[in-house]
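Chemist: Everything below, folded, please.
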Amino acid sequence: QVQFVESGGGLVKPGGSLKLSCQISGRVDSIYRMGWYRQAAGKRRELVYVIVSDGARDYGDFVKGRFTAHRDHAKNMMTLQMNRLEPEDTAVYYCYTKGVTYEDGPSYPGESWGQGTQVTVSS
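Modeler: Numbering: from 1, shown residues only. I've put the predicted structure just below:
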């Protein structure tokens with residue numbers, strides 16, 4: 001299975017910033033889609049930010065210039081810088097991949113999810 005190494009998250013006041021990081025461990029050959037989804041209590045999981053292997057980006061409307069993402073294809077790593085956080089951003093943020101292939105053979109064409117990290121925005 002796909003192995004995620006996630007870091008970041010925590011408690012921040014409204015208007016503050018947090019940075020999330022996610023790396024896929026192992027000898028990865030390629031990752032088609034990588035990014036984050038989030039799920040607030042009682043709500044459905046929703047897209048935050050995904051970067052495709054060709055550089056295309058897909059993100060939720062709420063990002064609106066507050067969040068920026070960077071994907072390091074060589075390191076199989078992605079970061080999400082979240083600025084001007086609002087209480088509505090409170091959720092568990094899940095690192096996500098689709099289409100992971102390892103150098104030694106195994107491939108995971110479907111969606112895979114990290115364990116999630118809590119982001120709480122509260123005064």
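Chemist: For residue 84, list the residues it contacts.
Modeler: By Cβ atoms under 8 Å, 6 or more residues apart in numbering, the contact list for residue 84 reads 15, 17, 66. The C-beta positions use only the backbone N, C-alpha and C, and glycine is treated the same way.
Chemist: Repeat that for residue 119.
Modeler: Going by Cβ under 8 Å, 6+ apart, residue 119 touches 9-10, 12, 18, 20, 38, 82, 85, 89-93.
Chemist: let's go with 6 Å and repeat that
Modeler: 9, 93 (Cβ atoms under 6 Å, 6 or more residues apart in numbering).
Chemist: same thing with residue 117?
Modeler: 6, 9, 93.
Chemist: Tell me the bridge partners for it.
Modeler: Counting by DSSP bridges, residue 117 is bridged to residue 93.
Chemist: how far away is it from residue 105?
Modeler: 30 Å (Cβ to Cβ, to the nearest Å).
Chemist: what do you get for residue 56?
Modeler: Note on residue 56: its distance to residue 105, by Cβ to Cβ, is 27 Å.
Chemist: Now the most centrally placed residue in the chain: closest residue in space that isn't a chain neighbour?
Modeler: Closest to where the C-alpha atoms of the chain average out (Cα atoms, centre = their mean) is residue 36, at 2.6 Å. The shortest distance from residue 36 to any non-neighbouring residue, by Cβ to Cβ, 6 or more residues apart in numbering, is to residue 48 (4.2 Å).
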